[in-house]
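Colleague: Fold the stuff below for me.
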Amino acid sequence: MSNIQQLNDLATQVRRDILRMVHKVNSGHPGGSLGCTEFFVALYNEIMELKDEFDMDGIGEDLFFLSNGHISPVFYSVLARRGYFPVKELDTFRMIDSRLQGHPTTHEGLPGIRVASGSLGQGMSVAIGAALAKKLNKDNHLIYSLHGDGELQEGQNWEAIMYAAAYKVDNYIATVDYNGQQIDGATDDVLPMGDLRAKFEAFGWDVMEIEEGNNIEAVIAGMKEARTRTGKGKPVCVLLHTVMGNGVDFMMYTHAWHGKAPNDEQLEKALAQNPETLGDY
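Modeller: Sure, this is the predicted structure:
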């Protein structure tokens, strides 16, 4: 990608993909997917160093692990739009025998997917393992992961957070989608997370925040800064402030669209706010 307009056009098209995918099967998680669109577009088109051909080993390139696997629609769309598999395959999302399951899995052999995810709380442990493998292989590339803020209510995260700092896993950038919403309501109503920055810092991490997580330029600048903080003895945490359902006015600022598909009329309204830019599948 060469300019911000191209990236914004891609983000708009990805939002269309997300909406159409979950609408067709009346199933899936549009809220978090829409909220993380800029992050995925930036990561896969500006931030990560990637090889042209996909292989499971990932030697000699950066790796990404999605921990909150329910936001698979945005992951699949960005992978397809970057050429990992045909864009037209997005039309099979969540269908029987599709490689695009509701939560990413590996046994279908979908390029771009290195681990099954969606059982919340496990992604950081996987990412730390990959980061340690990079160190053992003397591979200087980085590991990235994404986690929901509500997902951090799972205890396994905190064991991993403690481990990463203790063993100086400093080739690792964990991003938290900090939207304040989860499936049953606002995180502050379900189980308050308190001061996440202070928590990560107390556990020994280098923490930074991207206040405009739905601004592609801010995301790129923030993730580039995060990259400069690696290799200094601490794992890096990015608190990415996003709006769930971003880009569709009636889906924003609420948990209601965490895991609900739009009906025909709602889809039409949502797509009108995200005009076709790169061609629908």
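Colleague: all strands in the stretch 101-250 of the chain, in order from the N-terminus.
Modeller: Under the criterion DSSP state E, counting those that start in this stretch, the stretch 101-250 of the chain contains strands at 143-148, 172-178, 181-182, 185-186, 206-210, 236-241.
Colleague: Can I get the ones you listed in a markdown table including mean pLDDT, distance to D195 and mean neighbour count?
Modeller: Quick note: C-beta positions are derived from backbone N, CA and C, even for glycine. Below are the strands of the stretch 101-250 of the chain laid out as a markdown table (pLDDT from 0 to 100; distance: least, Cβ to Cβ, whole Å; neighbours: other Cβ atoms under 10 Å):
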| stretch | mean pLDDT | distance to D195 | mean neighbour count |
| --- | --- | --- | --- |
| strand 143-148 | 98 | 17 | 26 |
| strand 172-178 | 98 | 12 | 26 |
| strand 181-182 | 94 | 18 | 26 |
| strand 185-186 | 94 | 16 | 15 |
| strand 206-210 | 98 | 10 | 20 |
| strand 236-241 | 98 | 10 | 24 |
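Colleague: Turn the ones you listed into JSON lines, columns for distance to M21.
Modeller: Below are the strands of the stretch 101-250 of the chain laid out as JSON lines (distance: least, Cβ to Cβ, whole Å):
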{"stretch": "strand 143-148", "distance to M21": "19"}
{"stretch": "strand 172-178", "distance to M21": "19"}
{"stretch": "strand 181-182", "distance to M21": "20"}
{"stretch": "strand 185-186", "distance to M21": "25"}
{"stretch": "strand 206-210", "distance to M21": "26"}
{"stretch": "strand 236-241", "distance to M21": "23"}
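Colleague: May I see the buried residues of whichever helix in the chain runs longest?
Modeller: Of all segments of type helix in the chain, defined using DSSP state H, the longest is helix 4-25. Of all the residues in helix 4-25, those buried under the rule 16 or more other Cβ atoms under 10 Å are 7-24.
Colleague: Same question for stretch 78-85.
Modeller: Result for stretch 78-85 [16+ other Cβ under 10 Å]: buried residues 78-82, 84-85.
Colleague: In helices, which of the residues you listed fall?
Modeller: 78-81.
Colleague: so which of those residues comes closest to G129?
Modeller: L79 (21.7 Å; Cβ to Cβ).
Colleague: one step back: please name every helix or strand in contact with the longest helix of the chain.
Modeller: Judged by 3 or more Cβ pairs under 8 Å, 6 or more residues apart in numbering; DSSP states H and E, the packing partners of helix 4-25 are helix 30-35, helix 37-42, helix 72-81, helix 216-228, helix 264-272.
Colleague: Can you give me the buried ones in the last one?
Modeller: It stands for helix 264-272. In helix 264-272, counting by 16+ other Cβ under 10 Å, buried: 266-267, 270-271.
Colleague: okay, the angle between it and helix 4-25?
Modeller: 170 degrees (axes from the mean of the first three to the mean of the last three Cα atoms, to 10 degrees).
Colleague: mind checking how far helix 264-272 is from the chain centre?
Modeller: How far helix 264-272 lies from its chain's middle: 24 Å, per Cα atoms, centre = their mean, to the nearest Å.
Colleague: which residues sit against that helix?
Modeller: 16, 19-20, 23, 248, 250-251, 262 (Cβ atoms under 8 Å, 6 or more residues apart in numbering).
Colleague: same question, stretch 185-193
Modeller: 149-150, 152-153, 180-182, 184, 199, 255.
Colleague: Go again with 6 Å.
Modeller: 149-150, 153, 180, 182, 184, 255 (Cβ atoms under 6 Å, 6 or more residues apart in numbering).
Colleague: From those residues, pick the one nearest Y44.
Modeller: Looking across these and measuring by Cβ to Cβ, the closest to Y44 is D149, at 21.9 Å.
Colleague: can you give me the helices in the stretch 101-250 of the chain?
Modeller: 123-136, 155-166, 187-190, 196-202, 216-228 (DSSP state H, counting those that start in this stretch).
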